[in-house]
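Next input, structure requested:
(one chain, ligands or ions: 2)
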Amino acid sequence: MYKGTNASAGIGIGKAVIVEEKELVIQRETITDSAAEIQRFKGALETSMEQTRALAEDLATRVGEKEAEILNGHIMLLSDPMMTGEIESMIQKDQVNSEFAIENVCTMYADMFASMGDELMQQRATDMRDIKTRMQKVLMGVESVDIASLPEGTVILAKDLTPSMTAGINPANVTGIVTELGGRTSHSAILARALEIPAVVALGGILEVVKNGDMLVLDGSDGTVLVNPEDAVLAEYQGKRAAFLKEKKELEKYIGKPSITKDGVTVDLVANIGKPEDVDKVLQYDGEGVGLFRTEFLFMDRNAMPTEEEQFEAYRKVAVAMDGKPVIIRTLDIGGDKEIPYMGLEKDENPFLGYRAVRFCLDRKEDVYRPQLRALLRASAFGNIKIMIPLVTCIDEYRAVKALVEEIKAELDEKGMKYNPDVQLGIMVETAAASLIADIFAKEVDFFSIGTNDLTQYTMSVDRGNDKISYLYSTFNPAVLRSIKRIITCAREAGIMVGMCGEAASDPMMIPLLLAFGLNEFSMSPSAILRARKMITEYSTKELQAVADQAMSFATTTEVENYMREFINS
Ligand code: PEP
Ligand code: MG
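Ligands and ions are numbered 1, 2, ... in the order given. Predicted coordinates for the structure are as follows:
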């Protein structure tokens, strides 16, 4: 049994097909007519863009706009005048062939992105290598691996899948994907989830143990991969696969049903999104609104900040698509693990405790915060937008944002521009400080949303991305649970809405506790909504009080987790 990173849920069973891109051998050749060579490069650039455009269009119709965005990002990279300029100038100055100039310039960029260390920049590096190879193949007349016509029942095995390869996959034939490289948030993993193909990534060395035609079983929910398993094990996984598909089908009957407990308590089941295109999935899974729009994604994968107009369009699009349902949009939350190179942020000694989120925005009012808040206010005229501030630690920060919002409202009034004058302004409660003064905040802000991803990190003083100490990172730790309960109680006492948008909101072991504490709104990835709705309709909040009391009486995380596991399995 091998263990990689779980990247797309579901069980895949089938015959291994190793997909290898042939290494292109790029040689340096001296040319004499650099003008003609630059024309040759330009022709290849144009063809590469056309190919990418065609692939993006196909993906947009087959899968969705959002997935096509990844390839549109490639078109943006291909049309970056800085990069193409450098290639042309190398052809001219060094009198070299296009293939060689592309190799040098693109590799330089890819290495630069890769050296920045974070996952997003790693992805950029993969994208850069992908477009490099595409241009070189056009120049050299090399055909790509025909991934679209693999036989039925195939499990694809590859060192890494580029987004363009993943986009070409026919989900009817491919039952699973296993790669040696990549991560949960790499573009190929995102595409695998969108195509609903089970996937395990970051499984180093697997290509050394698997041959073409081997029988492979993978569990994309826990990252397990089995090679040529015994019949009994194979049968067990076939059963799991059938159960997974059956559950998926059964959950569809919760589309259009209310999210109401047995004793008549209605909650809102809403979605976390990162891009306007994600609303397609929210509607598909019957989300009752958006509980967290992480706007930093609008700022990523590009070379400059989105303008007020671009932001306005993005926010308006979501508000209109959700048609009056609540849409909570969080203002820019960068810094920490989310870097945006063009923002000119220096590396903090302690990024998670540093210059980030609302701290950064209040320091960059003119060029960053004002345009975003103005875009949000203008978009509020088109739907039920609420504004949410991340990483708040003290009331002064809330008041400063509120004052800025009021200033912008006055400006919009002067110009006769439309906005919703009653737009709500709420906060993420995700720091220990905000939790401790939740009673004070609750008197002043319009709503709370508990960010358990950070609340756990800041309560436990444990970096949420550090494997060595991940045993301490649990929302079921009694300290974190007390914090959550208190935040909900403070909100309820003050009569404001309290939601949760951290990963814990969709955790089956946590949902009963949150219902007992009185949480109003659960926000999660769209594909988790129907399972949560099913759970909620099976509970009575009254009956859950005793369960919550018992869970709160334990001294250790393990006791709480064991108790809740037993409870939901009983
Ligand atoms: C959180 O901290 O729980 C949260 C939802 O925000 P993010 O994961 O974007 O920090
Ligand atoms: Mg957070």
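
ok, which residues in the stretch 351-500 of the chain are in contact with ligand 2?
Counting by CB under 5 Å from the ion, the positions of the stretch 351-500 of the chain adjacent to ligand 2 are E430, G451, D454. C-beta: built from backbone N, CA, C; applies to glycine.

How about the chain?
With the criterion set to CB under 5 Å from the ion, the chain comes near ligand 2 through E430, G451, D454.

Buried residues, the top helix by length along the chain. List them.
Ranked by residue count, the top helix of the chain under DSSP state H comes out as helix 34-62. With burial defined by 16 or more other CB atoms under 10 Å, the residues of helix 34-62 counted as buried are 34, 37-38, 40-41, 44-45, 48-49, 51-53, 55-56, 59-60.

who's in contact with E196?
With contact set as CB atoms under 8 Å, 6 or more residues apart in numbering, E196 has these partners: S8, G10, P171.

of these, buried ones?
Among the contacts of E196, those buried by neighbour count (16+ other CB under 10 Å) are S8, G10.

and the contacts of E196 as JSON lines, adding secondary structure, pLDDT and distance to N72?
JSON lines is the format used below for the contacts of E196 (DSSP: H, G, I helix; E, B strand; the rest coil; pLDDT from 0 to 100; distance: CB to CB, whole Å):
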{"residue": "S8", "secondary structure": "strand", "pLDDT": "90", "distance to N72": "22"}
{"residue": "G10", "secondary structure": "coil", "pLDDT": "93", "distance to N72": "27"}
{"residue": "P171", "secondary structure": "coil", "pLDDT": "84", "distance to N72": "21"}
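
just curious, which of the contacts of E196 is nearest to ligand 1?
S8 (19.7 Å; CB to the nearest ligand atom).

Run through the bridge partners of G12.
Bridge pairing for G12 (DSSP bridges) gives the partners L218.

Mind checking what secondary structure the residue in the stretch 201-350 of the chain positioned nearest to ligand 2 has?
For the stretch 201-350 of the chain, the nearest residue to ligand 2 under the criterion CB to the ion is D333, separated by 6.3 Å. Put simply, D333 is coil when judged by DSSP: H, G, I helix; E, B strand; the rest coil.

Report the contact partners of the residue of the chain most remote from its centre.
Distance to the chain centre peaks in the chain at T32, reaching 48.3 Å (criterion: CA atoms, centre = their mean). Taking CB under 8 Å, 6+ apart as the criterion, T32 is in contact with Q95.

Against ligand 2, how distant is it?
In this structure, T32 and ligand 2 are 58 Å apart, going by CB to the ion, to the nearest Å.

Phi and psi next, for that residue.
Dihedral pair for T32: phi -110, psi -40, per degrees, to the nearest 10.

how far away is it from Q39?
Note on T32: its distance to Q39, by CB to CB, to the nearest Å, is 14 Å.

same thing with T5?
T5 is 44 Å from Q39, where distance means CB to CB.

Kindly report the same for S470.
The separation that S470 has from Q39, given CB to CB, amounts to 54 Å.

now N384
Distance of N384 to Q39, given as CB to CB: 54 Å.

Apart from its chain neighbours, what residue comes closest to S149?
Distance criterion CB to CB, 6 or more residues apart in numbering; nearest residue to S149, sequence neighbours excluded, is N170 at 7.6 Å.

Make sure the one you found is actually in contact with A148.
Yes - contact criterion CB atoms under 8 Å: N170 and A148 qualify, at 5.4 Å.

Looking at the residues of the chain next to ligand 2, which gets the smallest pLDDT?
Ranked by pLDDT, the residues of the chain next to ligand 2 bottom out at D454 (93).

what about the stretch 201-350 of the chain, any weak spots by pLDDT?
Where the stretch 201-350 of the chain drops to pLDDT under 70, the residues are 337.

if you go through it in chain order, where are the strands?
215-219, 224-227, 268-273, 290-294, 326-330 (DSSP state E, counting those that start in this stretch).

Likewise for the stretch 1-150 of the chain?
Shown for the stretch 1-150 of the chain, the strands assigned by DSSP E, counting those that start in this stretch span residues 2-3, 5-8, 11-18.

which of these has the lowest average pLDDT?
Within these, confidence is poorest for strand 5-8, with a mean of 88 (mean pLDDT).

hmm, who's touching that strand?
For strand 5-8, the surrounding residues in contact (CB under 8 Å, 6+ apart) are 177, 182-184, 186, 189, 192-193, 196-203, 219-223.

Pairing partners for that strand, with directions?
Note on strand 5-8: by DSSP bridges, its sheet partners are strand 199-201 (antiparallel).

Now that we're looking at T162, what pLDDT does it have?
We have a pLDDT of 75 for T162.

For the closest residue to it other than its chain neighbours, list the residues it contacts.
Nearest in space to T162, with sequence neighbours left out and distances taken as CB to CB, 6+ apart, is D130 at 4.1 Å. For D130, the residues meeting the contact criterion (CB under 8 Å, 6+ apart) are H74, T162, P163, S164.

I'd say P171 and A194 touch.
No - P171 sits out of contact with A194 when judged by CB under 8 Å, with a separation of 9.8 Å.

what is the rounded mean pLDDT of the helix or strand M428 falls within?
Assignment of secondary structure by DSSP states H and E places M428 within strand 425-429. Mean pLDDT, taken over the full extent of strand 425-429, equals 98.

what angle sits between it and strand 326-330?
Per axes from the mean of the first three to the mean of the last three CA atoms, to 10 degrees, the angle that strand 425-429 makes with strand 326-330 is 60 degrees.

Alpha carbons only: can I get strand 425-429 in CSV?
What follows is strand 425-429, C-alpha atoms only, in CSV (Å, rounded to 0.1, in the frame of the first residue of the first chain):
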residue,chain,number,x,y,z
LEU,A,425,-20.4,44.9,7.7
GLY,A,426,-19.2,41.9,9.7
ILE,A,427,-16.0,40.2,10.8
MET,A,428,-14.3,36.9,10.7
VAL,A,429,-13.7,35.7,14.2
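
So is that strand next to ligand 1?
No - no part of strand 425-429 sits near ligand 1 under the criterion CB under 6 Å from any ligand atom; the closest distance found is 6.7 Å.

how close does F441 get to ligand 2?
Using CB to the ion, F441 is found at 16 Å from ligand 2.

Numbering from 11 from now on, please.
Got it, first residue is 11 now, which makes that one F451.

quick one: contacts of the host helix or strand of that residue?
Counting by DSSP H and E, the secondary-structure element that holds F451 is helix 448-454. Contact with helix 448-454 is made by 402, 405, 408-409, 437, 439, 444, 458, 496-497, 500-501, 503-504, 506, as judged by CB under 8 Å, 6+ apart.

In strands only, show me these.
If you go by DSSP state E, these have I437, V439, F458 in strands.

Ligand 1 contacts on the protein?
When proximity is defined as CB under 6 Å from any ligand atom, the chain approaches ligand 1 at L302, R304, D343, E440, G461, T462, N463, D464, C511, G512.

Can I get stretch 448-457 in CSV, CA atoms only?
Only the C-alpha atoms of stretch 448-457 are listed here, as CSV (Å, rounded to 0.1, in the frame of the first residue of the first chain):
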residue,chain,number,x,y,z
ALA,A,448,-16.6,38.5,21.1
ASP,A,449,-19.1,40.0,23.5
ILE,A,450,-17.8,43.5,22.8
PHE,A,451,-17.7,42.9,19.0
ALA,A,452,-21.2,41.5,19.0
LYS,A,453,-22.6,44.8,20.2
GLU,A,454,-21.0,46.7,17.3
VAL,A,455,-20.7,44.5,14.2
ASP,A,456,-23.5,43.2,11.9
PHE,A,457,-22.4,39.5,11.9
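
Now do the helices in the stretch 261-410 of the chain.
Along the stretch 261-410 of the chain, the stretches classed as helices by DSSP state H, counting those that start in this stretch are 289-294, 306-309, 318-331, 367-373, 380-389, 405-424.
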